[in-house]
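Any chance you could fold what I've pasted below:
(chains A and B)
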Amino acid sequence: MDIDLITNILYATIRTGTPLILVALGEMVCEKSGVLNLGQEGTLLMGAVIGFIAAVTTGNLFVAVLIAIVAGMAMSLLFGFLSITLVSNQVATGLALTIFGAGLSAFLGSSYVGIGIDGIQPLAIPYLADIPMIGKIFFQQDPLVYLSFILFGLVYWTFNSTRLGLKIRAVGENPEAANAMGMNVHGIRYMAVLFGGAMTGLAGGYLSLAYTPLWSEGMSAGRGWIALALVVFASWKAERIMLGAYLFGAASIMHLVMQGLGFDVAPNLLAMLPYVATILVLVLLGSNSIKAKLSAPISLGQPYRPQL
Amino acid sequence: MSKASWLQSPLKLEKRPSDSQKIAYLSPVLAIALTLISGGLLFLFLGHNPLTALHTFFIAPLSDVYGWTELGIKVAPLLLCAMGLTLCFRAKIWNIGAEGQFIMGALGGGFVALQFLDAESAWVLIPILLAGIVSGMAWAALAAYLKTHFKVNEILSTIMLNYIALNALLYAVHGPLKDPNGFNFPESALFADAALLPVFSDDYRLNISLLFGLFFMVAIWTLMSRTWVGYQIHVLGEDAAAAKYAGFKQKKLTWFALLACGALAGLAGVSEAAGPVGQLIPAISPGYGYAAIIVVFLGRMHPVGILLGSMLLGLTYMGGEMVQIEMSLPKSLTGLFQGMLLFFLLACDLLISYRVVRNKSVNVSVAREATSA
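Residues are numbered from 1 along each chain as shown, chains lettered A, B, ... in the order given. Okay, the predicted model is just below:
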């Protein structure tokens, strides 16, 4: 295994990890506020299909990414309305959002299957891109990958050094107390859910505009669910999400590694790896469940209805 | 003060003293009506006469005996999966894995069927069906083991197992189980005629899997409403702490519910492979395992409701095919209708425990402002 191969594998790892980071960071913010949105898979598909349709129709990739974000927010608004305002069961609503998103995206995208577009191209960052290995891995990526670095920083900063981060956590830990302190619990939860939707819409756009510039039915292939597991794995910490997403990214591109090492393993067997890895991670966490419970937002998944 | 009251919505939700049983049964009807209205609007938006289109989707597929027998083919797997899921959901075990258990049932049963390609006796069906049931159970057992031993959340584990099952099927039909004479298509050989479930009439495809479905509908219902195990499952779902206090074995019940669901979903899977499909193909399941979740919610976990729900969801598959043939609209309308149905149902279910009332605080503040002015 030569140095070029390793560089390429790490380069691909960052690319593969990016959609997971985006979805997981968004979901983390959402869960910190006490809302468990299991609809990320459907939201991801909607972001991907709407972004792709926008790219084909307008020919402008920047607009397409923005529209993908809006699509994600629209899906999460639907979820928020049902689960926050109408206090529906968050688990069932999330599942419904996924089933709905899968159906709607397949329907909207049915005449766009097989169309190719020129996707978002890599953009080398001057000087940094010339660093051996590191340059190729981190600084010859496409703009959305850089955006994921920035968004990571933003989320990390919000939860570690801002008042807003504290408010979101307060609402997720003890909504009654937060309300008594004069916080608008529903308002903050809506904002967190919308942020999660925007991030997932962006991730969907990344899939259909940059990662593989095309649309195919169910192309998110469970990434929305893996990201959910990732949030638990990371025990609601942004830096661990980053690390975990790249680990999963590496698991997803094992076929490259295998080919590089000269092994011939059936691609469908290797395709199981990220899902198997997710289960293994959950097993490791489960046997350590006290710790996992301590870091979960206390009111996660519980609807809040202000007493008027 | 005036600004805040102006912002307040004129309607608010008020918790009912107790859940309304009437609304619980009315809610699915309301949800279906809303789905039909939205579907009509969608067709209108797509430039079709909504009534004609809805007729094509929901009525035309059932205009002859053939249509009803085809519906039966789709009701059977939905009914089996939904009854299994009911058992799990009753115990508040969120098993989303019927899809994977279905696929593994088809794969396991199909594997056995492919060992008997020159079979002539229908006895061969027994090992085939058993293999399907056991494969489905084994797949559910993984989720049960993960949940009871490692406290792994069953939603995530069963969804991951669904994807793994799908990849296992893809691996099999691209590799070891691919038909050597199949022009390199990712499909297995066709099963022997004796390895297919008997049909009621040679003119139709409907086979005895519908009887399996109806039998287990009654059997699972009896189990839930008339037996000690069923009672324990019920209590576990209603109040886990009470179940623990009463000394019910929570782990055992989890195993039981998941294994039963795996067996039924596996049976559904093998019945599909050794039934209307007759071989292993990548798309062996058109999402029956997921649609069955909607059936359970729609059917209020009651056997009659679940039968009706299975028929409606089965119809959405036929309607999708029908509008594709007749109106060249995409078949994926099926999934869209299914998703809408579940959404509207969840929204309507709100009315079971809440009622919408006029927001009195608005009136009070308005009145106060009126007097002060």
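
does B:Val357 count as helix, strand or coil?
Of the three states, B:Val357 takes strand according to DSSP: H, G, I helix; E, B strand; the rest coil.

Disregarding residues adjacent in the polypeptide, which is nearest to it?
B:Glu14 (4.8 Å; C-beta to C-beta, 6 or more residues apart in numbering or on different chains). (Each C-beta comes from the backbone N, C-alpha and C, glycine too.)

Torsion angles phi and psi at that neighbour?
Main-chain torsions, B:Glu14, degrees, to the nearest 10: phi -130, psi 130.

How much space separates it from B:Tyr25?
21 Å (C-beta to C-beta, to the nearest Å).

so who does the residue nearest to B:Val357 touch?
By C-beta atoms under 8 Å, 6 or more residues apart in numbering or on different chains, the contact set of B:Glu14 is B:Tyr354, B:Arg355, B:Val356, B:Val357.

Kindly report the same for A:Ser76.
Contacts of A:Ser76 by C-beta under 8 Å, 6+ apart are A:Cys30, A:Asn37, A:Gly39, A:Thr43, A:Val193, A:Leu194, A:Gly196, A:Gly197, A:Ala198, A:Thr200.

which of these are close to chain B?
Subset of the contacts of A:Ser76 in contact with chain B: empty, counting by C-beta under 8 Å from any C-beta of the partner chain.

would you turn those residues into TSV with neighbour count?
Shown next, in TSV, are the contacts of A:Ser76 (neighbours: other C-beta atoms under 10 Å in any protein chain shown):
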residue	neighbour count
A:Cys30	31
A:Asn37	28
A:Gly39	30
A:Thr43	37
A:Val193	27
A:Leu194	20
A:Gly196	32
A:Gly197	32
A:Ala198	22
A:Thr200	41
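
Let's have these in JSON lines, adding secondary structure and pLDDT.
Converted to JSON lines, these look like this (DSSP: H, G, I helix; E, B strand; the rest coil; pLDDT from 0 to 100):
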{"residue": "A:Cys30", "secondary structure": "helix", "pLDDT": "92"}
{"residue": "A:Asn37", "secondary structure": "coil", "pLDDT": "89"}
{"residue": "A:Gly39", "secondary structure": "coil", "pLDDT": "90"}
{"residue": "A:Thr43", "secondary structure": "helix", "pLDDT": "95"}
{"residue": "A:Val193", "secondary structure": "helix", "pLDDT": "94"}
{"residue": "A:Leu194", "secondary structure": "helix", "pLDDT": "95"}
{"residue": "A:Gly196", "secondary structure": "helix", "pLDDT": "94"}
{"residue": "A:Gly197", "secondary structure": "helix", "pLDDT": "95"}
{"residue": "A:Ala198", "secondary structure": "helix", "pLDDT": "95"}
{"residue": "A:Thr200", "secondary structure": "helix", "pLDDT": "95"}
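
Looking at those, which is nearest B:Gly105?
Taking C-beta to C-beta as the measure, A:Gly39 is the one of the contacts of A:Ser76 closest to B:Gly105, at 27.8 Å.

coming back round to it: bridging residues for the residue nearest to B:Val357?
Beta-bridge partners recorded for B:Glu14 (DSSP bridges): B:Arg355.

now check the host helix or strand of A:Leu243, is it near chain B?
A:Leu243 belongs to helix A:238-252 when assigned by DSSP states H and E. No. Figure legend: helix A:238-252 not in contact with chain B (C-beta under 8 Å from any C-beta); closest approach 11.8 Å.

helices and strands around that helix, which ones?
helix A:3-32, helix A:143-161, helix A:223-233, helix A:273-286 (3 or more C-beta pairs under 8 Å, 6 or more residues apart in numbering or on different chains; DSSP states H and E).

Quick check: which of those helices is buried the most?
Most buried of these by mean neighbour count (mean count of other C-beta atoms under 10 Å in any protein chain shown) is helix A:223-233; its value is a mean of 27.

what is the orientation angle of it with helix A:273-286?
Angle between the axes of helix A:223-233 and helix A:273-286 is 30 degrees (criterion: axes from the mean of the first three to the mean of the last three C-alpha atoms, to 10 degrees).

OK, now which residue of the stretch 1-150 of chain B is nearest to chain A?
B:Phe150 (3.6 Å; C-beta to the nearest C-beta).

is it true that that residue touches A:Leu282?
Yes. In this structure, B:Phe150 is within contact of A:Leu282 by C-beta atoms under 8 Å, at 7.3 Å.

Can you pull out the low-pLDDT segments for the stretch 1-150 of chain A?
A:1 (pLDDT under 70).

and the helix or strand hosting B:Met318, how far from the chain's centre?
If you go by DSSP H and E, B:Met318 is part of helix B:303-327. Between the centre of helix B:303-327 and the centre of its chain there are 12 Å (C-alpha atoms, centre = their mean, to the nearest Å).

Tell me how many other residues surround B:Asp202.
Under the neighbour criterion other C-beta atoms under 10 Å in any protein chain shown, B:Asp202 is assigned a count of 6.

pLDDT wise, what is it at?
Looking at B:Asp202, its pLDDT stands at 87.

Now do the phi/psi pair for it.
Dihedral angles (degrees, to the nearest 10) for B:Asp202: phi -70, psi -20.

Now do the helices in the stretch 51-200 of chain A.
Per DSSP state H, counting those that start in this stretch, the stretch 51-200 of chain A carries helices over the ranges A:61-80, A:90-109, A:134-139, A:143-161, A:163-173, A:175-180, A:185-206.

and the nearest residue to B:Pro330 once chain neighbours are set aside, how many neighbours?
Leaving aside its chain neighbours, B:Pro330 sits nearest to A:Ser110 (3.5 Å; criterion: C-beta to C-beta, 6+ apart). Other residues near A:Ser110 come to 17 when the count uses other C-beta under 10 Å.

Give me the distance between A:Ala96 and B:Glu321.
The span separating A:Ala96 from B:Glu321 equals 24 Å under the rule C-beta to C-beta.

Same check on A:Ser295?
For A:Ser295, the distance to B:Glu321 - C-beta to C-beta - is 48 Å.

And those two? Which one has more around it.
Just comparing A:Ser295 and B:Glu321: by other C-beta under 10 Å the higher neighbour count belongs to B:Glu321, 17 against 11.

measure the more buried one to chain A for me?
According to C-beta to the nearest C-beta, to the nearest Å, B:Glu321 and chain A sit 14 Å apart.

again, but for B:Gln250
15 Å.

pretty sure that residue contacts B:Leu236?
Yes. Counting by C-beta under 8 Å, B:Gln250 does reach B:Leu236; the two are 6.3 Å apart.
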